[in-house]
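Participant: Output the structure for:
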Amino acid sequence: MDCKYADCTSTNEVAALLVHDASMFASHQLSAPIPVVVSAGYQTKGRGRRGNVWEGRDGENLYLSIALPAPTWTNHYPDYQILGCMAVVEALRDFINPEHLHLKYPNDVMIDLSTRDGAGSDESSARLKVCGVLVETEFRGSELHHVVCGIGVNVNQQDFSDAGLPHATSLRVASGREVDVDAVRAAVVEHFFRLLTTSADELYRSWVRALGMEGRRICTTTHHGMPSTHIVVRVERDGTLRVRDVVGAAESDIDHLLSFHDTSFRVCEDNHLCCAHGPITTSNNS
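Facilitator: Sure, this is the predicted structure:
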């Protein structure tokens, strides 16, 4: 369904209400709940991770939420975050050079602009966010009742300065041409439901490969503001990072976990000077 401007605070909220309302299914004489797809040209209260605001210009971007009654695919809700990210990556290959698409841990789709307009090769400045995925769930006791996967794609917006998003880009900026928002919506929905026929285990392995995090060094900040270097051993199924600490030239042989919920970090391009590049001022969790 299309969410009208006056009613659409958030496509996630509307989708959750629809999939939650059992009377809707009864009125259509359906024996079981079905997936709900809600899109909008604009949201008045769009949001991202950790309560961040997801803003965009009226009619220029895609705001999409897909609500799935559980257990449609898996009861492990972090898998739906992976599903949303991978569906967008697959869909955007129809609109942008696939070599320029990248995943940024844990939930952002990025476009590499290093080959455009003389941009530098530094990853942090060349890779800009084109999409974010926000998954929300509802449990009934210990049972997962439904999952809502919210997807926001910057399609034709060219200026993000008034939204305070200096690290954002759009398909139009990256491709140099206007892109049909309806076509992007159709592609994302198609790939989302196609990937639902893939096993969650297989999709997880594809996501880990696309992230390219394992074996990389990352720099984090401690609660006291001090930098700390780690080597990523594994990206766990729930999205946490299993890491080993690096102190000087020595690597610890003890693993521990870092959660993306409370950790800001940068991925190191220079394995020896990672944390010498100054404090981390932006979080990877937007």
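Participant: low-confidence ranges in the stretch 101-250 of the chain?
Facilitator: 115-125, 162-166, 222-225 (pLDDT under 70).
Participant: Do you have the strands of it handy? List them.
Facilitator: 101-104, 108-112, 127-140, 143-153, 217-221, 227-235, 241-247, 250-258 (DSSP state E, counting those that start in this stretch).
Participant: and of those, who's closest to Val188?
Facilitator: Nearest to Val188, of all the strands of the stretch 101-250 of the chain, is strand 143-153, at 6.2 Å by Cβ to Cβ. For glycine as for every other residue, the C-beta is placed from the backbone atoms N, C-alpha and C.
Participant: Show me how far stretch 78-89 is from its chain's centre.
Facilitator: 7 Å (Cα atoms, centre = their mean, to the nearest Å).
Participant: who touches Ala70 in this structure?
Facilitator: Counting by Cβ atoms under 8 Å, 6 or more residues apart in numbering, Ala70 touches 143-147.
Participant: can you do 6 Å?
Facilitator: Residues near Ala70 by Cβ atoms under 6 Å, 6 or more residues apart in numbering: 144-146.
Participant: Can you report how many residues neighbour the closest residue to it other than its chain neighbours?
Facilitator: Using Cβ to Cβ, 6 or more residues apart in numbering and skipping the chain neighbours, the partner closest in space to Ala70 is Leu144 (4.1 Å). Using other Cβ atoms under 10 Å, Leu144 is surrounded by 20 other residues.
Participant: same check, this time on the one 10 residues further on
Facilitator: Residue crowding around Asn154 was assessed by other Cβ under 10 Å; the count is 28.
Participant: I figured it hits Ser170, correct?
Facilitator: Yes: the pair Asn154 / Ser170 is scored as a contact, 3.8 Å apart, by Cβ atoms under 6 Å.
Participant: where along the stretch 51-200 of the chain do the helices fall?
Facilitator: 78-92, 123-126, 171-175, 181-195, 200-211 (DSSP state H, counting those that start in this stretch).
Participant: And the fourth one, what does it pack against?
Facilitator: Here helix 181-195 touches strand 62-69, helix 78-92, going by 3 or more Cβ pairs under 6 Å, 6 or more residues apart in numbering; DSSP states H and E.
Participant: Give me the contacts around the longest one.
Facilitator: When you say that, I think you mean helix 78-92. Helix 78-92 has contacts (Cβ under 6 Å, 6+ apart) with 101, 107, 109, 131, 133, 135, 147, 149, 151, 187-188, 191-192, 195, 200, 203-204, 207, 238-239.
Participant: again, but for stretch 236-245
Facilitator: Residues contacting stretch 236-245 (Cβ under 6 Å, 6+ apart): 78, 106, 204, 230-234, 251-252, 255, 257-260.
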